[in-house]
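>>> Next one to model:
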Amino acid sequence: MSAPEHLPDIDNGLLRFLTCGSVDDGKSTLIGRLLFDSKTILADTLNAIERTSARRGMSAVDLSLLTDGLQAEREQGITIDVAYRYFSTGTRKYIIADAPGHEQYTRNMVTAASTANLAIILVDARKGVLTQTRRHSYLASLVGIPHLLVAVNKMDLVDYDQAVFERIRADYLAFADKLGIRDVRFIPISALNGDMIVDRGSRLGWYAGPTLLEILEAAPAAHTERAEDFRFPVQYVCRPQDAANPELHDYRGFMGRVESGEIAVGDAVSVLPSGATSRVKAIELGGARLERAIHEQSVTLLLEDEIDISRGDLIVKAAEAPEPVKQIDATLCWLSEAPLSPARTYLVRHTTREVKAKVAQIAHRVDVNTLAHEPAAQLAMNDIARVTLKLAQPIVADAYADNRATGAFIVIDESTNNTVGAGMIA
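You can find the predicted model right below:
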């Protein structure tokens, strides 16, 4: 009898997703339940949270402790920093970001959302859509998360009433319509009891849709939903010096990560901002030669021609070259306790390039509760505004809506080297 044919594992790609919402909506408990029911918790970790739960006098395991890792968070029973967790199923790998719910930690939520491809926005079934629910939904939309899932949690505390779920759904849709959010789904859950997380449970029979894990398993991964232009910011120019190997004397490799699109040997490329052109002679990864490289691969490119290229330059396909610019309009999230001052000079870090910049104009500040535009002379921590920046040297940028990697930047305080702002180019 012949050996059974090997069936390859299904791989739907890495999914980065975010949990957010108002305080005590159950974000950390949801992640704990997801990890627990999908059997991805190590035995020693489970034993540790069982002991901590017992010390608190709880009769059941507090699954929120799986993500609330800071001592201050455990003492206060809240999430302060962004907690990241990794797990995998037979279908795909996941990176979860648990964002804090308190208003003063909005900047932490922006950090977590910047790389997510899906956001789970939790709503307490007893409280409905709150101000922080709207704030986090706006931020998720602002940073370009393409898929939103509203999870109406604590359905066990409203007797699993369908009317409560439908009322919250209608309220949220009215708000989402103002933001122009189109891809939003709704699911009733009980993170405490596990209803509709991994298993369906027996108390939400009126809901015919998929469970939360089934939605995650089927969600599109980043870079898979539309064709993207090739973008390769140069991180390092490799010029090995080895007297014993004269073949390396003329080696010049350009190292970096493919932020979007793909490249193949023989493709015509342009180097920006200089505009020099060449073709790809070879692509290397860990000593191996590749015929092509795709998004999120860190590779070394070798070109056919000798071109002056340095860190901060951008390699693109010749037919997809954007124009370098010295002024950008952007939505800016201010992250620092020290207010933004138009009189100061800051550093803007865009991909691997740093340039000096000044704020030429603050067009308006956004009230995240009402979405109204308000005049502003400066920005305080957690403020979000539309600004114009003038740059000392050109950068090569895409609109954030077209490319989240080359459309984003951070603002750095020259005197402290602290990151004080995060921006999205219009």
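
>>> doesn't Ser278 make contact with Gly266?
No. Gly266 is beyond contact range of Ser278, at 11.2 Å (criterion: CB atoms under 8 Å). Using the backbone N, CA and C atoms, a C-beta is placed for each residue, glycine as well.

>>> the strands in the stretch 51-200 of the chain, which residues?
83-88, 93-98, 118-124, 147-153, 184-188 (DSSP state E, counting those that start in this stretch).

>>> how about the ones you listed in CSV, adding mean pLDDT, mean neighbour count and distance to Glu166?
Converted to CSV, these look like this (pLDDT from 0 to 100; neighbours: other CB atoms under 10 Å; distance: least, CB to CB, whole Å):
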stretch, mean pLDDT, mean neighbour count, distance to Glu166
strand 83-88, 82, 15, 32
strand 93-98, 88, 21, 28
strand 118-124, 95, 25, 13
strand 147-153, 97, 24, 10
strand 184-188, 97, 21, 9
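
>>> With distance to Ile328 added, can I get the ones you listed in a markdown table?
Compiled in a markdown table, the strands of the stretch 51-200 of the chain are given as follows (distance: least, CB to CB, whole Å):
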| stretch | distance to Ile328 |
| --- | --- |
| strand 83-88 | 30 |
| strand 93-98 | 27 |
| strand 118-124 | 26 |
| strand 147-153 | 27 |
| strand 184-188 | 30 |
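
>>> picking that back up, with neighbour numbers in mind, choose between Gly266 and Ser278.
Ser278 (20 against 11; other CB atoms under 10 Å).

>>> Dig out what that one forms beta bridges with.
Here Ser278 sits in beta bridges with Val269, going by DSSP bridges.

>>> From Arg344, how far off is Val23?
34 Å (CB to CB, to the nearest Å).

>>> before we move on, what about Leu213?
48 Å.

>>> Look at the two and report which has more neighbours.
Set side by side, Leu213 and Arg344 show more neighbours around Leu213, with 18 against 14, by other CB under 10 Å.

>>> Phi and psi next, for that one.
Torsion angles at Leu213 (phi, psi; degrees, to the nearest 10) stand at phi -60, psi -40.

>>> need the contact list for the residue lying closest to it once chain neighbours are set aside.
Excluding the flanking residues, the one nearest Leu213 by CB to CB, 6 or more residues apart in numbering is Val198, at 4.8 Å. The neighbourhood of Val198, defined by CB atoms under 8 Å, 6 or more residues apart in numbering, consists of Arg33, Leu34, Asp37, Ser38, Thr211, Leu212, Leu213.

>>> again, 7 Å this time
Shown in contact with Val198 (CB atoms under 7 Å, 6 or more residues apart in numbering): Leu34, Asp37, Ser38, Thr211, Leu213.

>>> Same check on Ser274?
No contacts exist for Ser274 under CB under 7 Å, 6+ apart.

>>> ok so it is a helix residue?
No. Ser274 is assigned coil when assessed by DSSP: H, G, I helix; E, B strand; the rest coil, not a helix.

>>> Need phi/psi at it.
Per degrees, to the nearest 10, the backbone of Ser274 is at phi -70, psi -30.

>>> so how far is Val396 from it?
With distances taken as CB to CB, Ser274 is found 10 Å from Val396.

>>> Leu118 contacts Pro220, correct?
No. Leu118 lies out of contact with Pro220 (CB atoms under 7 Å); the separation is 8.6 Å.

>>> Now Pro322: phi and psi?
Torsion angles, degrees, to the nearest 10, at Pro322: phi -80, psi 170.

>>> who's in contact with it?
By CB under 7 Å, 6+ apart, the neighbours of Pro322 are Val396, Asp398.

>>> Find the nearest non-adjacent residue to the spatially most central residue of the chain, please.
Residue closest to the mean C-alpha point of the chain, counted by CA atoms, centre = their mean, is Thr115 at 1.6 Å. Leaving aside its sequence neighbours, Thr115 sits nearest to Arg16 (CB to CB, 6+ apart; 5.3 Å).

>>> Thr45: how many residues sit nearby?
12.

>>> Can you give me the pLDDT of it?
At Thr45, the predicted lDDT confidence score is 70.

>>> again, but for Glu228
Model confidence at Glu228 (pLDDT) stands at 94.
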